[in-house]
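K.L.:
Model the structure of this input:
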Amino acid sequence: MMMEKRILMIGHVDLSKDDAPKVHFSNLARAFREHGLNVSCILYTPKEKEFESIGKNITIRFSPNPLFGNVLIRAIKYILVIPFIIWEFLRFKPQIVYFRFSPPVSLYLFIIMGFKALPFTFKVIIEFNDWVGDQRAIQGESQFKVLIIKFLQVMAARFTDYIRVVSEGIKDKLLNYRVVREKIEVIGNGTEVDFLMPMNKEEAKKLIGVNPNYFYVGFIGNFAIWQGLSYLTLAIPFILKENKKIRFLFVGDGPEMSKIKKEISPYKKEDIILTGQVSYKKINNYINAFDIGVAPFIKRRNDEIGLSPLKIRDYAACGVPIVSSRIRGLEMIEEEGIGILIPPEDPNSLASAILLLSKDEKLRERMGKRGRKLSEEQFSWKIVTKRILELVF
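P.N.:
Residues are numbered from 1 along each chain as shown. This next block holds a predicted model:
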């Protein structure tokens, strides 16, 4: 009788937050389950009483939640997570332990690797979605904290068995720190192709409550500085001067929200719609309301580490043509014919690309169909997790 394969996933996630880490982690867990693995997850106790389960036949163990409280309380909670990890590891006896890197998670990784001294057979995979120190530096973190974070990321890479990086740039970073090449694998992010799929645009626009007689340019995601939203706001006057039937949908929230509000204050509210955070359940409607999906990433940080953004895959899954910055890792947008790449931080080029697509419905349709096909063939989470599992089995 074949032994059941078991994977223990440890996530820096609160299920009551409808954010990207939760969506990312949940999709991975469900996809591992689809491959027939017994999946157990250690997650933080949700802050709110109402939250969604990850999925059927997936075990969840809740630990103390260190994502809120003062500095001392949070530090104590991070330490209190450790006994939960040890207990679940001993009980579950996984063949794979899977982490997504964050600075606190590195502590849990070092503890798990300590079990290698005992008679357990397992492999540890750590996922690097970013070079976290550089990200924190852009957010204004002190140089001392940035150095600590970089140290922890490098040490985590050296201690683990396998490293899943989402871009060639992150792999290059690790190689520069003399991390063993053979344990690094570039496996990009995915999308939920059975949930995010094309639908009638007029219907989608009505469902989210916008006027279906207008053409919508949309952005979805975290309002963070590296997303380059300010360059989209700078492109808006050029676009509206040429075509007053174009409107803009900014879906999401984040640290740059107050800045974006100030930048768009001269315009009518109906011309630029800020939705705020939207439930993941409704994301398909919002993306399908986009006639064009934009990703105006800035050059700093992004071009060095490369990108594998969820939004690009989500746009493609919904059959939405894409206008994005030409950043390392996004070459496939142009190569696969699913959108247009423009120089980063260039509002004029951004406006020109949007106007070009707005005038060519047949081109938009071709790009949308190619995007959907590419999503099914390369971007589904089931395909992503299959590649991850091939590292071990």
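K.L.:
rest of the way, CA atoms for contacts and neighbours
P.N.:
Will do.
K.L.:
Got phi/psi on Ile60?
P.N.:
phi -120, psi 130 (degrees, to the nearest 10).
K.L.:
give me every residue that touches the residue lying closest to it once chain neighbours are set aside.
P.N.:
Residue nearest to Ile60 in three dimensions, not counting chain neighbours: Cys41, with 4.8 Å by Cα to Cα, 6 or more residues apart in numbering. Applying Cα atoms under 8 Å, 6 or more residues apart in numbering to Cys41 gives the contacts Leu8, Met9, Ile10, Gly11, Ile58, Thr59, Ile60, Arg61.
K.L.:
May I see those organised as JSON lines, with distance to Thr191 added?
P.N.:
What follows is the contacts of Cys41, written out as JSON lines (distance: Cα to Cα, whole Å):
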{"residue": "Leu8", "distance to Thr191": "22"}
{"residue": "Met9", "distance to Thr191": "19"}
{"residue": "Ile10", "distance to Thr191": "20"}
{"residue": "Gly11", "distance to Thr191": "19"}
{"residue": "Ile58", "distance to Thr191": "20"}
{"residue": "Thr59", "distance to Thr191": "22"}
{"residue": "Ile60", "distance to Thr191": "22"}
{"residue": "Arg61", "distance to Thr191": "25"}
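K.L.:
List the residues that contact the nearest residue to Lys5 once chain neighbours are set aside.
P.N.:
Once flanking residues are discounted, Lys5 sits nearest to Leu37: 5.2 Å by Cα to Cα, 6+ apart. Counting by Cα under 8 Å, 6+ apart, Leu37 touches Glu4, Lys5, Arg6, Ile7.
K.L.:
before we move on, the earlier item: next, the residue nearest to Ile60: secondary structure please.
P.N.:
strand (DSSP: H, G, I helix; E, B strand; the rest coil).
K.L.:
Okay, it and Arg136: tell me how far apart.
P.N.:
27 Å (Cα to Cα, to the nearest Å).
K.L.:
what about the stretch 201-350 of the chain, any weak spots by pLDDT?
P.N.:
Of all residues in the stretch 201-350 of the chain, none has pLDDT under 70.
K.L.:
Phe250: what secondary structure?
P.N.:
Under the three-state scheme (three-state DSSP), Phe250 adopts strand.
K.L.:
shouldn't it be in contact with Asp271?
P.N.:
No. Using Cα atoms under 8 Å as the test, Phe250 is too far from Asp271 to be in contact (10.8 Å).
K.L.:
more neighbours, the two?
P.N.:
Phe250 (21 against 18; other Cα atoms under 10 Å).
K.L.:
Quick one: residues contacting the closest residue to Glu52 other than its chain neighbours.
P.N.:
Spatial nearest neighbour of Glu52, chain neighbours left out: Leu15 (6.6 Å); criterion: Cα to Cα, 6+ apart. Leu15 is in contact with Lys22, Leu43, Tyr44, Thr45, Pro46, Phe51, Glu52, Ser53, counting by Cα under 8 Å, 6+ apart.
K.L.:
what's the last one sitting at in phi/psi?
P.N.:
Note on Ser53: backbone dihedrals following degrees, to the nearest 10 are phi -70, psi 160.
K.L.:
residue contacts, it?
P.N.:
Ser53 sits next to Leu15 when contact means Cα under 8 Å, 6+ apart.
K.L.:
Against Cys41, how distant is it?
P.N.:
According to Cα to Cα, Ser53 stands 11 Å off from Cys41.
K.L.:
per-residue confidence at Met2?
P.N.:
At Met2, the predicted lDDT confidence score is 51.
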